[in-house]
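**Student:** Output the structure for:
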Amino acid sequence: MEVKAGKRNKLTLYIGIALLAGIILGFILNKNYVGEENGHLANAETQAYHLQERMKPFEKAKDSVLFAALLVQQQSIASQKKAAELSLLNTPDETAALAAIKLLGDSLKSVNVLIGTQTDTASAAYKNLQKQKEIVSAQKNDNLKARDKKLDWFTILADIFLRLIKMIVAPLVFTTLVVGVAKLGDIKAVGRIGGKTLLWFLSASLLSLLLGMILVNVFEPGINMHLTLPDSNVNTGIDKTALTIKDFFYHVFPASVVDAMAKNEILQIVVFALFFGVAAAAMGDIAKPVVKALDATAHIILKVTGYVMNFAPIAVFGAMTAIISKQGIGILKTYSIFIGEFYFGLLVLWICLILAGYIVLRSRVFNLVKRMREPILLAFSTSSSEAAFPKTMLELERFGCKDKIVSFVLPLGYSFNLDGSMMYMTFASLFIAQSYGMHIPLPTQITMLLVLMLTSKGIAGVPRASLVVIAGTLATFNIPEAGIALLLGIDPLLDMGRSATNVVGNSIATAVVSKMEGELGHGHGHEQLHVHTHDHKHGQ
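**Tutor:** Residues are numbered from 1 along each chain as shown. Okay, here's the model as predicted:
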């Protein structure tokens, strides 16, 4: 049995070595293998900045006072026109209403013409600069594709591992959650534990979002960035549609459990598994063979997880080599303030979560974080908290959490308790607003926080999922969605930190709920985990 414990420690060592080797090779490739493409991309950024500076005099208003007055007038007429259109159907006689709408439309056109005369953006020289900027942008995109193609072999290593993990996650969540709920015995126990779990998750979510909001207002990283703002029509590759209430509920409740599993919709799988587990518990002895079969299936999947985890060092090596080859040291210099302040924020969040855990777990919380070093390192290296899910489950049970609590709380955590991702959402959304010089009043920021509290639930624990939520939030609060382009370059570096934080948050949450339920043991070694299979410990 000592061999197995040693094997586990060796895997952590191999992941650490792979991480370091990937960073070293990445820096070498950054200067040599993809050095030409990186040089072209740096020149493209400089040229785009120069062209933007040359365009500014054309965009400057000739009479700033008159220009400001015309903009206010434009907004007022547009609001009146919209109100007139909304009230069109209030009366059966359309003549007067349509005449008023036409008059307001003509007035709006006149104001727009006057606004156009205040700048020289219609001049041939300005249009020529726009075309030049488009040519630079097209060449930049071509170089990005060429660089990505060269590094495909490294990204493939990480992608294969993540695909293998995704292959495991859906059946693992379903089987373990059904077994966990069935073992709780009745719907009252599910409700009690679920209530405690969601209360902790909502508190942690609020803390994460609030901390992000406070720190971004204190540091104001956007003001100090001095970046060239992206074009309004830039294609970021991120869905910018704001999430509606209807979309949210459709995202929660599955139309088909097969479709939910095929798409790895964790929240939908959780909903179905809860129904299935409660029904199995209610049926008693009749359902025991099904529960036993699912328990055995969970053991088999965890055995598969052990095989897949052997590929983790190779995936970490590929992921780190690709990221450092692309970003190099230049991106760290340009965005050093934002990256440094965000990681400082994550450190503060870690301290807050550990202190909150200390209140319930006392000194054992430090042992828990120490045990989680391998899942944390894995999540950090692959930029995916989902990649660490199976390993996190194993380590929590070794720590002493009962499998029925782990099986219930941890899958819910991956839908409702992504603390690192949530702190990033407020931090990044307000950073983009600051970069545009927009002042967001405190009441609006609090509204944004509450919107993020809702829309962030159920986001997948996979790379770049947070950007989709941020893009939707920007659209909701009329912050230019093109600002998401400011984050695309550094998002892989930030994703690493927030994915690791998600693992820490969910681990502490599961241990705390176990302690509250009186189901936290003293922990056990690797050998106990494998011997007592009749106790349904998922230690394969």
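**Student:** alpha carbons only for contacts and neighbour counts from here, please
**Tutor:** OK.
**Student:** and Glu519, how many neighbours?
**Tutor:** Counted by other C-alpha atoms under 10 Å, the residues lying close to Glu519 total 16.
**Student:** from here on, count from 276
**Tutor:** Yes, from this point I'll number from 276; that puts the last item at Glu794.
**Student:** Give the closest residue to it in space, chain neighbours not counted.
**Tutor:** Nearest residue to Glu794 in three dimensions, chain neighbours excluded: Lys677, at 6.0 Å (C-alpha to C-alpha, 6 or more residues apart in numbering).
**Student:** any idea how far that neighbour is from His797?
**Tutor:** Separation of Lys677 from His797 (C-alpha to C-alpha, to the nearest Å): 11 Å.
**Student:** which of these two has more neighbours?
**Tutor:** Lys677 (24 against 9).
**Student:** Quick one: residues contacting that one.
**Tutor:** Ser789, Glu794, Leu795, Gly796 (C-alpha atoms under 8 Å, 6 or more residues apart in numbering).
**Student:** Tell me where the stretch 626-775 of the chain has strands.
**Tutor:** In the stretch 626-775 of the chain, no strands are found when defined by DSSP state E, counting those that start in this stretch.
**Student:** distance of Arg575 from Asn403?
**Tutor:** For the record, residue 575 is Ile, not Arg. From Ile575 to Asn403 the distance is 64 Å (C-alpha to C-alpha).
**Student:** now swap in Asn781 and tell me
**Tutor:** 54 Å.
**Student:** Between those two, point out the one with more neighbours.
**Tutor:** Between Asn781 and Asn403, Asn781 has the larger neighbour count (other C-alpha under 10 Å), namely 26 against 12.
**Student:** which residues touch that one?
**Tutor:** Per C-alpha under 8 Å, 6+ apart, neighbours of Asn781: Leu685, Gly688, Tyr689, Asn692, Leu693.
**Student:** Closest one to Lys331 out of those residues, please.
**Tutor:** Leu693 (41.5 Å; C-alpha to C-alpha).
**Student:** right, and the closest one touches Gly780 too?
**Tutor:** Yes - taking C-alpha atoms under 8 Å as the definition, Leu693 is a contact partner of Gly780 at 7.2 Å.
**Student:** Please say which of these two ends up with more neighbours.
**Tutor:** Leu693 (31 against 24).
**Student:** What backbone torsions are found at the more buried one?
**Tutor:** Dihedral pair for Leu693: phi -90, psi 80, per degrees, to the nearest 10.
**Student:** From Gln407, how far out is it?
**Tutor:** As judged by C-alpha to C-alpha, Leu693 and Gln407 stand 43 Å apart.
**Student:** Ok, Ala530 next?
**Tutor:** 49 Å.
**Student:** of the two, who's got more company?
**Tutor:** Gln407 (15 against 11).
**Student:** Now do the helix or strand where the more buried one lies: which elements does it pack against?
**Tutor:** Element membership of Gln407, judged by DSSP states H and E, is helix 399-425. Applying 3 or more C-alpha pairs under 8 Å, 6 or more residues apart in numbering; DSSP states H and E, we find helix 399-425 packed against helix 310-334.
**Student:** again, only using 10 Å
**Tutor:** Where contact means 3 or more C-alpha pairs under 10 Å, 6 or more residues apart in numbering; DSSP states H and E, helix 399-425 is packed against helix 310-334, helix 427-459, helix 587-602.
**Student:** Including mean neighbour count, could those go into JSON lines?
**Tutor:** Below are the helices and strands packed on helix 399-425 laid out as JSON lines (neighbours: other C-alpha atoms under 10 Å):
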{"stretch": "helix 310-334", "mean neighbour count": "16"}
{"stretch": "helix 427-459", "mean neighbour count": "21"}
{"stretch": "helix 587-602", "mean neighbour count": "26"}
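**Student:** To Ala374, which of these lies closest?
**Tutor:** Once these are compared by C-alpha to C-alpha, helix 310-334 is nearest, at 34.6 Å.
**Student:** quick one: buried residues of the next helix-or-strand element following the closest one?
**Tutor:** Next along the chain after helix 310-334, taking DSSP H and E as the criterion, comes helix 339-361. Buried residues in helix 339-361, counted by 16 or more other C-alpha atoms under 10 Å: Phe342, Leu345, Gln348, Gln349, Ile352, Ala353, Gln355, Lys356, Ala359.
**Student:** Excluding sequence neighbours, find me the nearest residue to Ala556.
**Tutor:** Nearest residue to Ala556 in three dimensions, chain neighbours excluded: Ala457, at 4.6 Å (C-alpha to C-alpha, 6+ apart).
**Student:** So what touches stretch 389-399?
**Tutor:** With contacts defined as C-alpha atoms under 10 Å, 6 or more residues apart in numbering, stretch 389-399 is touched by 330-339, 341-346, 349, 383-386, 401-402, 405.
**Student:** what number of residues lie near Thr776?
**Tutor:** 26.
**Student:** ok, now the one 10 residues further on?
**Tutor:** Taking other C-alpha under 10 Å as the neighbour definition, Ala786 ends up with a count of 29.
**Student:** How about the contacts made by the closest residue to it other than its chain neighbours?
**Tutor:** Nearest non-adjacent residue to Ala786, counting by C-alpha to C-alpha, 6+ apart: Cys676, 6.2 Å away. Contacts for Cys676 (C-alpha under 10 Å, 6+ apart) come out as 668-670, 682, 785-790, 793-799.
**Student:** any idea how far Ile707 is from Leu624?
**Tutor:** 21 Å.
**Student:** higher neighbour count, those two?
**Tutor:** Neighbour count, other C-alpha under 10 Å: between Ile707 and Leu624, Ile707 has more, with 26 against 22.
**Student:** Look up the pLDDT of that one for me, please.
**Tutor:** Here the pLDDT value assigned to Ile707 is 86.
**Student:** measure the closest residue to it other than its chain neighbours to Gly780 for me?
**Tutor:** Leaving aside its chain neighbours, Ile707 sits nearest to Gly758 (5.7 Å; criterion: C-alpha to C-alpha, 6+ apart). Relative to Gly780, Gly758 is positioned 29 Å away (C-alpha to C-alpha).
**Student:** Please apply the same query to Tyr618.
**Tutor:** Tyr618 is 16 Å from Gly780, by C-alpha to C-alpha.
**Student:** likewise Asn585?
**Tutor:** Taking C-alpha to C-alpha, one finds Asn585 at 25 Å from Gly780.
**Student:** what do you get for Thr450?
**Tutor:** 23 Å.
**Student:** Same check on Lys679?
**Tutor:** 19 Å.
**Student:** Ser682 now?
**Tutor:** 16 Å.
**Student:** do the same with Lys335
**Tutor:** Distance from Lys335 to Gly780, by C-alpha to C-alpha: 49 Å.
**Student:** you'd agree Leu763 is up against Leu742?
**Tutor:** Yes - using C-alpha atoms under 10 Å, Leu763 is in contact with Leu742, at 8.7 Å.
**Student:** Which of the two has more residues huddled nearby?
**Tutor:** Using other C-alpha under 10 Å, the more surrounded residue of Leu763 and Leu742 is Leu742, with 22 against 15.
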